[in-house]
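1. structure, please.
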Amino acid sequence: MGKDSKSKEGKGKGKQAAGSADDNASKGKGKGGKSSDGLGTCTYVKARHILCEKQGKINEAYKKLQDGWLNNGDKVPPAEFAKVAAEYSECPSGKKGGDLGWFPRGKMAGPFQDVAFSTPIGATSAPFKSTHGYHIILSEGRKN
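-> As a prediction, the model looks like this:
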């Protein structure tokens with residue numbers, strides 16, 4: 001994934017990813033954040049994502065996640081999300097289960113950052129579009 005010159009924060013360098021990221025504040029540790037859930041107040045997010053060029057393909061991946069977990073109200077286990085990412089993602093990170101590791105606010109651009117920093121820990125985002133294609137994000141952690 002490449003640079004995105006339309007970053008809301010003017011820091012369009014780095015990869016853009018999609019997904020959702022949760023924050024350690026949801027465990028009751030709102031370090032430095034004003035919000036008790038930590039959403040939107042953390043500095044770093046740990047996430048996995050699935051990236052597809054075509055909307056139909058990302059919808060297939062999402063349906064697989066829904067059928068396995070989301071329709072039952074369950075959270076998708078990271079290992080299971082990784083299997084779906086390896087099967088569907090067109091991003092090089094797909095080979096490692098969509099793992100993006102920890103990334104700071106300002107590294108990812110536009111919609112990806114917005115979704116990553118607003119998705120609760122353990123939650124999976126709905127599919128969304130960015131300049132790189134269609135994404136689903138699994139939020140794995142937050143920290144300051």
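
2. okay, the lengthiest strand in the chain in PDB with CA atoms only?
-> When every strand of the chain is counted residue by residue (DSSP state E), the longest turns out to be strand 133-143. Backbone C-alpha positions of strand 133-143 (Å, rounded to 0.1, in the frame of the first residue of the first chain) are rendered in PDB as follows:
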ATOM      1  CA  GLY A 133      -9.600  -0.600  -1.900                       C
ATOM      2  CA  TYR A 134     -12.000  -2.200   0.500                       C
ATOM      3  CA  HIS A 135     -11.000  -3.200   4.100                       C
ATOM      4  CA  ILE A 136     -12.100  -5.000   7.200                       C
ATOM      5  CA  ILE A 137     -10.200  -4.300  10.400                       C
ATOM      6  CA  LEU A 138      -9.800  -6.400  13.600                       C
ATOM      7  CA  SER A 139      -8.700  -4.300  16.500                       C
ATOM      8  CA  GLU A 140      -6.300  -6.000  18.800                       C
ATOM      9  CA  GLY A 141      -5.000  -3.400  21.100                       C
ATOM     10  CA  ARG A 142      -4.400   0.300  22.100                       C
ATOM     11  CA  LYS A 143      -1.700   2.100  24.000                       C
END
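
3. stretch 96-108: end-to-end distance?
-> 19 Å (CA to CA, to the nearest Å).

4. what sits up against stretch 47-66?
-> By CB atoms under 8 Å, 6 or more residues apart in numbering, the surrounding residues in contact with stretch 47-66 are 1, 17-21, 76, 78, 81-82, 84-85, 87-91, 93-94, 97-100, 103, 112, 116, 119, 124, 126-127, 129, 132-140. Where you see a C-beta, it was placed from the backbone N, CA and C, and this is true even at glycine.

5. kindly report the same for stretch 67-87.
-> Taking contacts as CB under 8 Å, 6+ apart, the residues outside stretch 67-87 that touch it are 48-50, 61, 64-65, 93-99, 122-124, 138, 140.
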